[in-house]
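> Need a 3D model of the following:
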Amino acid sequence: MGVVPRDEAIAMAKERLMDLVEIVPNANPPVCRILDFKKFLYEQKKKEKEAKKKQKSIQIKEIRLRPEISEHDYNFKKQHIEEFLREGYRVKVSVSFRGREILHKERGYNVLQKLIADLGPLAKIEKSPHEEGRFLNVILIPY
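Coordinates of the predicted model:
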């Protein structure tokens, strides 16, 4: 309809029993449409729901290790981590320290470094080893 004065646009909307809705307020002059406002809101909500459906939620699997882990237990946990990575999950690996074990954090770092080296072809590090209280964490993501 082109550029129309505000009062005239409101009168046109009332004639059609509809609403005058400002679409682009920052434009010069502002862009408005004559439409049913409730229907407009309904369609917007519908579009937002549709967009939400298409989003992929990220799931993180967590595996806990100890600094003094036996070879068999280490291999068993490593197999689980490999399965999770093949399925496309992110994996948070935590080494938990109990009591005075916290004094020897290098043992926890050694376990994580060994794990990262073993999982090299399957995963890359998203967040390098960092300490959170009595835990030493690393986050791995599949290639």
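> how about Ile34, secondary structure?
Here Ile34 is recorded as strand under DSSP: H, G, I helix; E, B strand; the rest coil.
> For it, give me its contacts.
Neighbouring residues of Ile34 by C-beta atoms under 8 Å, 6 or more residues apart in numbering: Ala9, Met12, Ala13, Arg16, Met18, Asp19, Leu20, Val21. Any C-beta I mention is one placed from the backbone N, CA and C, and that applies to glycine too.
> Helices - which of those land there?
Secondary structure defined by DSSP state H assigns Ala9, Met12, Ala13 of these to helices.
> got the contact list for stretch 39-56?
Val21.
> picking up where we left off before, which of the contacts of Ile34 are buried?
Neighbour-count burial (16 or more other C-beta atoms under 10 Å) is assigned, among the contacts of Ile34, to Ala9, Ala13, Asp19, Leu20.
> which two in the residues you listed are spaced the farthest apart?
Using C-beta to C-beta, the pair of those lying farthest apart is Ala9 and Asp19, separated by 10.9 Å.
> and Gly120, which of the three is it?
coil.
> got a list of what it touches?
Gly120 makes no contacts at all, as judged by C-beta under 8 Å, 6+ apart.
> What pLDDT is listed against it?
The per-residue pLDDT reported for Gly120 equals 86.
> same deal with Asn26?
Looking at Asn26, its pLDDT is 89.
> what do you get for Lys127?
On the pLDDT scale, Lys127 is placed at 85.
> How is the residue nearest the centre of the chain classified with respect to secondary structure?
The chain has Ile58 as the residue nearest its centroid, 5.4 Å off, counting by C-alpha atoms, centre = their mean. Put simply, Ile58 is coil when judged by three-state DSSP.
> so it makes contact with Arg90?
Yes. Between Ile58 and Arg90 there is a contact under C-beta atoms under 8 Å: 6.4 Å.
> Figure out the helix or strand that Glu83 lives in.
Per DSSP states H and E, Glu83 falls inside helix 71-86.
> That concludes my questions; thank you for your assistance.
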